[in-house]
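> Below is the sequence, then the predicted model.
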Amino acid sequence: MSATTLELSPAACAYLRRATWGLPRERQQEVWDELEEHLLTRAAQLQACGAAPPEALARALTELGSPARVSAGMTGVYLMPKLILMAGAGALALSAALYALAGGQETAYLPVVTNLPLPVCERMEPENVTGTIISNWANTVCFLPAASPKPLFVGGLSGSEPLVSLNTVERMIQLLDGKTRFQPNGVLEISLPASENIVRASFRVTTRFQGQAYFPAQVLIWPSSSKRQMLSGYQQPTLRIEQQVFAMSGNQGHQAGADFYNRLSPRLISTLGPGAYTTDGIIGARSHPIQTSLKADDVVLTVIHSHDNFYLTHYAPVSSTGSVNIRVNSTRLQFVSSFRQLKQKRADGRTPALLIRVTNVPLNNLKSSIFMPRQAISDAL
């Protein structure tokens with residue numbers, strides 16, 4: 001019996017897609033065809049020995065082994081010289097980005113890298129730069145100074161800057177049937193198809209490392225898109241966009257969760273109030289434990305008003321008992337039920353605070369996930 005009498009199942013197609021992940025685009029189809037021929041030939045042999053077609057194909061897939069290993073091996077053949085030059089475990093995670101096949105649904109693992117060298121950004125003429133120019137956009141030049149032998153790291157209360165490579169962003173947008181275009185000035189243009197219109201956005205490259213461009217991991221979040229988007233998990237955030245699932249993996253054993261959520265504030269707060277803005281998530285000096293009815297590993301965003309149209313934010317995971325430890329500088333809090341109430345001053349000196357569940361809810365409708373705590377545990381409240 002000829003192998004061509006068998007047809008690839010959805011699981012087999014997903015396997016081949018995963019196995020060719022990370023290869024140069026000009027080689028993907030070649031490797032796909034080779035693996036497909038091997039798979040169907042082996043399935044036909046098993047079928048000739050009495051196995052039913054679905055069973056034969058499933059057994060042939062099992063014999064091929066993990067698609068992640070196949071991908072890593074194939075990528076090693078074509079890209080090993082580049083991998084040697086890149087950042088060890090982070091680059092390896094990039095080249096072997098994993099697809100887990102479960103119930104016909106694919107989960108794409110997106111490597112998130114931290115502690116890469118970040119450039120200096122100044123308003124100046126490019127010809128006056130001494131160093132490597134990263135981007136030149138909106139009258140601002142970002143560059144890695146030649147006179148600084150040590151990389152510039154971002155730290156502080158909000159943690160490290162989580163970054164994703166251009167390759168990772170392109171693969172993600174490709175899975176969402178979108179398009180990307182990386183401009184010579186260091187700007188990445190992204191367009192996503194929507195139900196009625198196309199969502200477009202531009203992002204400036206954050207840094208370059210060993211020839212690869214990197215962007216803030218927040219470019220993966222699209223609160224303004226009509227596509228249904230939901231986050232879940234704290235230590236390893238998972239993003240669901242329609243039926244596609246993306247899990248974020250840290251490099252060198254580092255969990256991406258806290259750093260990723262802390263950097264989300266500017267994108268999320270803008271959806272709550274017109275003209276509202278904020279910095280990254282902070283860790284305040286005072287603890288305010290509260291009790292909720294949320295599930296473990298849900299993430300709660302606390303928002304308080306600072307001045308004018310500026311707000312301060314803090315992210316915290318829900319414990320196994322449903323409790324959340326809010327860390328802000330205010331001594332006494334008064335929980336409110338709407339964003340506009342944050343600016344209302346109270347005679348008793350309490351600071352209005354808003355609690356928002358940001359996991360397992362649509363990101364483009366965060367107002368619907370505002371909640372009141374079941375109990376304020378701290379006497380300071």
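Received it, and whenever you're ready, just let me know what you need.

> C-alpha only now, for contacts and for neighbours.
Will do.

> So what's the residue count around R340?
By other C-alpha atoms under 10 Å, the residues close to R340 number 12.

> and it, that's in a strand?
No: if the criterion is DSSP: H, G, I helix; E, B strand; the rest coil, then R340 is helix and not within a strand.

> How about it, nearest residue that isn't a chain neighbour?
For R340, ignoring the flanking residues on the chain, the nearest one in space by C-alpha to C-alpha, 6 or more residues apart in numbering is G273 at 7.9 Å.

> Check the contact between that neighbour and Q341; I expect there is one.
No: in this structure, G273 is not within contact of Q341 by C-alpha atoms under 8 Å, at 11.4 Å.

> so where's this protein shaky on pLDDT?
Across the chain, the ranges flagged by pLDDT under 70 are 1-6, 21-26, 63, 65-106, 147-159, 194-198, 223-224, 250-255, 375-381.

> which strands and helices sit next to the top helix by length along the chain?
Taking DSSP state H as the assignment, the helix of the chain that covers the most residues is helix 25-48. Here helix 25-48 touches helix 10-19, helix 53-64, going by 3 or more C-alpha pairs under 8 Å, 6 or more residues apart in numbering; DSSP states H and E.

> CA-only coordinates of that helix in CSV, if you can.
Extracted in CSV, the C-alpha atoms of helix 25-48 (Å, rounded to 0.1, in the frame of the first residue of the first chain):
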residue,chain,number,x,y,z
ARG,A,25,11.5,30.4,6.0
GLU,A,26,13.2,29.3,2.8
ARG,A,27,13.9,25.9,4.4
GLN,A,28,10.7,25.3,6.3
GLN,A,29,8.8,23.8,3.3
GLU,A,30,11.7,21.6,2.4
VAL,A,31,12.0,20.1,5.9
TRP,A,32,8.2,19.8,6.2
ASP,A,33,8.1,17.8,2.9
GLU,A,34,10.9,15.5,4.1
LEU,A,35,9.2,14.8,7.5
GLU,A,36,5.8,14.4,5.9
GLU,A,37,7.2,11.8,3.5
HIS,A,38,8.9,9.9,6.3
LEU,A,39,5.8,10.0,8.4
LEU,A,40,3.4,8.8,5.7
THR,A,41,5.8,6.1,4.6
ARG,A,42,6.1,4.7,8.1
ALA,A,43,2.4,4.9,8.7
ALA,A,44,1.8,3.0,5.5
GLN,A,45,4.1,0.2,6.7
LEU,A,46,2.3,0.0,10.0
GLN,A,47,-1.0,0.0,8.2
ALA,A,48,0.2,-2.9,6.0
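
> What helix or strand is R200 located in?
Per DSSP states H and E: R200 is located in strand 198-204.

> Report the strands that pair with the helix or strand just after that strand, each with its relative direction.
Using DSSP H and E, the helix or strand that follows strand 198-204 towards the C-terminus is strand 207-209. For strand 207-209, the paired strands and their directions (DSSP bridges) are strand 212-216 (antiparallel).

> What residues of the strand it pairs with count as buried?
By neighbour count with 16 or more other C-alpha atoms under 10 Å, strand 212-216 contains the buried residues A213, Y214, F215, P216.

> Just to check, the first one is in contact with L163?
When you say that, I think you mean A213. No: counting by C-alpha under 8 Å, A213 does not reach L163; the two are 9.7 Å apart.

> domain ranges for this structure?
With domains defined by automatic domain parsing, the chain comprises 3-85, 120-262, 267-376.

> Make a markdown table out of these and add distance to P111.
Formatted as a markdown table, these follow (distance: least, C-alpha to C-alpha, whole Å):
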| stretch | distance to P111 |
| --- | --- |
| domain 3-85 | 12 |
| domain 120-262 | 5 |
| domain 267-376 | 20 |
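
> Mind checking these for the one nearest to A108?
Checking the domains of the chain against A108 by C-alpha to C-alpha gives domain 120-262 as the closest, at 4.8 Å.

> gap between the two ends of the closest one?
22 Å (C-alpha to C-alpha, to the nearest Å).

> Got phi/psi on the residue nearest to R340?
Main-chain dihedrals, G273, degrees, to the nearest 10: phi -150, psi 140.

> L363 too?
Phi and psi for L363, reported as degrees, to the nearest 10, are phi -70, psi -20.

> before we move on, the earlier item: okay, the helices and strands packed on helix 25-48, which one's buried deepest?
Of all the helices and strands packed on helix 25-48, helix 10-19 has the most neighbours on average by mean count of other C-alpha atoms under 10 Å, namely a mean of 20.

> T114: which of the domains of the chain is closest?
Proximity to T114 (C-alpha to C-alpha) singles out domain 120-262 among the domains of the chain, at 4.8 Å.

> what about that closest one, distance to the chain center?
Computed by C-alpha atoms, centre = their mean, to the nearest Å, the chain-centroid distance of domain 120-262 equals 9 Å.

> what about L166, how many neighbours?
18.

> and it, what does it touch?
Contact analysis of L166 by C-alpha atoms under 8 Å, 6 or more residues apart in numbering lists Q212, A213, Y214, F215.

> Just give me the closest of those to L16.
For the contacts of L166, the closest approach to L16 (C-alpha to C-alpha) belongs to Q212, at 25.8 Å.

> from memory that closest one sits against S165, does it?
Yes: using C-alpha under 8 Å, Q212 makes contact with S165 at a distance of 6.8 Å.
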